[in-house]
Every structure is written in structure tokens, then in C-alpha cells.
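Build me a model from this:
(one chain, ligands or ions: 1)
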Amino acid sequence: MGGFCSYCERRGFHAALAVEHIKDKDTYPEFKFSWGNFLLSCTNCNSIKSTKDIDGVLLPDRDNTYVVFIYLESGFIQVKPGLNGEKKRKAQALINLVGLDRVPNRRGIQVMILYG
Ligand SMILES: [Zn+2]
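As a prediction, the model looks like this:
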């Protein structure tokens, strides 16, 4: 997959990759070692997602999240304008799930600066 985070698509964090459990291993121990439950993720997205539920969320391994987001040069990610209905709601839910709209130094959220 390369050195990309499945959620934020940022690269350059080879030393900070995490194996993210789509269904968290505390709530769903039966999926702890299930290959289909793993995603490569940066530690930021993995930590923010934590044990949050994935119901009603677009997931990068199942849905083409590239077509629902705009990846700005500033590093911010937004839902594409013109997206409507359920797809818009699920795309926004993914932004909320892993904090794709996080801002550096905002209280409660730490962001690692990544170079690649
Ligand atoms: Zn990430």
C-alpha cells in the first residue's frame, strides 16, 4: 500500500504507521486478527478513531473515498461540494470519525507534522 494513511491519504510516516482495526479490538475481539479488519493508518487517525463505531461511515477500503473528498494543498480535507444525501452524510461521518478536519494545536487534538 505504500506509506499512505488509508484515511487522510498523507504519506511520509513510515515510522509512525499503525495497524488500525476497523472494528475496534476491544468491542469486537473476534476480529482482532482478521485480515479484513485491518487498515494502514497514521497514528493520528488511528488514535482519534479509537473505539468509535463505524456504522454509517464511508470506509476507504470499501468505498472510493477519493471521489467524495477534496484534498487541499494545505492538508485539509473537505466533502466535495455538490455531494448530496446519504453519500454526503457518510462522507462527513468519516471526517468526524478520524478528525480529518483537525487543526494543529486545537485543544485536545495533537497533530504530527509529516514529511515525505
Ligand atoms: Zn491519517
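
what residues does this structure put near the ion?
Neighbours of the ion within the chain, by CB under 5 Å from the ion: 5, 7-8, 42, 45. Quick note: C-beta positions are derived from backbone N, CA and C, even for glycine.

hmm, 8 Å instead?
5-10, 13, 41-42, 44-46, 98, 100 (CB under 8 Å from the ion).

Now tabulate these in TSV and tack on secondary structure.
Formatted as TSV, these follow (DSSP: H, G, I helix; E, B strand; the rest coil):
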residue	secondary structure
5	coil
6	coil
7	coil
8	coil
9	coil
10	coil
13	coil
41	strand
42	strand
44	helix
45	helix
46	helix
98	helix
100	coil
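
Lowest-confidence one in these?
Within these, residue 13 has the lowest pLDDT, namely 65.

Which helix or which strand is home to residue 90?
helix 85-98 (DSSP states H and E).

and that helix, C-alpha only, in PDB?
Taking Å, rounded to 0.1, in the frame of the first residue of the first chain, the C-alpha atoms of helix 85-98 are listed here in PDB:
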ATOM      1  CA  GLY A  85     -27.900  12.800   0.500                       C
ATOM      2  CA  GLU A  86     -26.600   9.700   2.100                       C
ATOM      3  CA  LYS A  87     -23.200   9.800   0.500                       C
ATOM      4  CA  LYS A  88     -22.600  13.400   1.800                       C
ATOM      5  CA  ARG A  89     -23.700  12.300   5.300                       C
ATOM      6  CA  LYS A  90     -21.500   9.200   5.300                       C
ATOM      7  CA  ALA A  91     -18.500  11.200   4.000                       C
ATOM      8  CA  GLN A  92     -18.900  13.800   6.700                       C
ATOM      9  CA  ALA A  93     -19.200  10.900   9.200                       C
ATOM     10  CA  LEU A  94     -15.800   9.700   8.100                       C
ATOM     11  CA  ILE A  95     -14.300  13.200   8.500                       C
ATOM     12  CA  ASN A  96     -15.700  13.200  12.100                       C
ATOM     13  CA  LEU A  97     -14.600   9.700  12.800                       C
ATOM     14  CA  VAL A  98     -10.900  10.200  12.400                       C
END
